[in-house]
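A.B. asks: got a sequence here, can you build the structure:
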Amino acid sequence: MPKTRVYIFNNGKILIEGIGFKGNACIKDLEEILKALKEYGVDTKIEVHKRVHEGVKEAVENVQ
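C.D. replies: Okay, here's the model as predicted:
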């Protein structure tokens, strides 16, 4: 079963890690998370986008 881990660090950086996704499903999940953050007033920009065998890891900077 796919899952998403979201890590929020003291410096405002956010790491979003998709695990167990197939194909581009992890990207769609990431887009939904970023959309939800924006709806709550959290502006983000993607610093690093890295697909790995298990899914995708995103390093996102909180630019609020």
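
A.B. asks: only C-alpha atoms for contact and neighbour calcs from this point on.
C.D. replies: Fine.

A.B. asks: shaky segments in this structure?
C.D. replies: Where the chain drops to pLDDT under 70, the residues are 52-64.

A.B. asks: skipping its backbone neighbours, what lies nearest the most centrally placed residue in it in space?
C.D. replies: Nearest to the geometric centre of the chain sits residue 16, at 3.3 Å (Cα atoms, centre = their mean). Excluding the flanking residues, the one nearest residue 16 by Cα to Cα, 6 or more residues apart in numbering is residue 6, at 4.6 Å.

A.B. asks: next secondary structure after the helix or strand encompassing that neighbour?
C.D. replies: Element membership for residue 6 (DSSP states H and E) is strand 3-8. Downstream of strand 3-8, the first helix or strand assigned by DSSP H and E is strand 13-19.

A.B. asks: quick one: work out the angle between that next one and strand 3-8.
C.D. replies: Going by axes from the mean of the first three to the mean of the last three Cα atoms, to 10 degrees, strand 13-19 is angled at 170 degrees with respect to strand 3-8.

A.B. asks: name the helices or strands packed onto strand 13-19?
C.D. replies: Under the contact criterion of 3 or more Cα pairs under 8 Å, 6 or more residues apart in numbering; DSSP states H and E, strand 13-19 touches strand 3-8, helix 25-39, strand 55-62.
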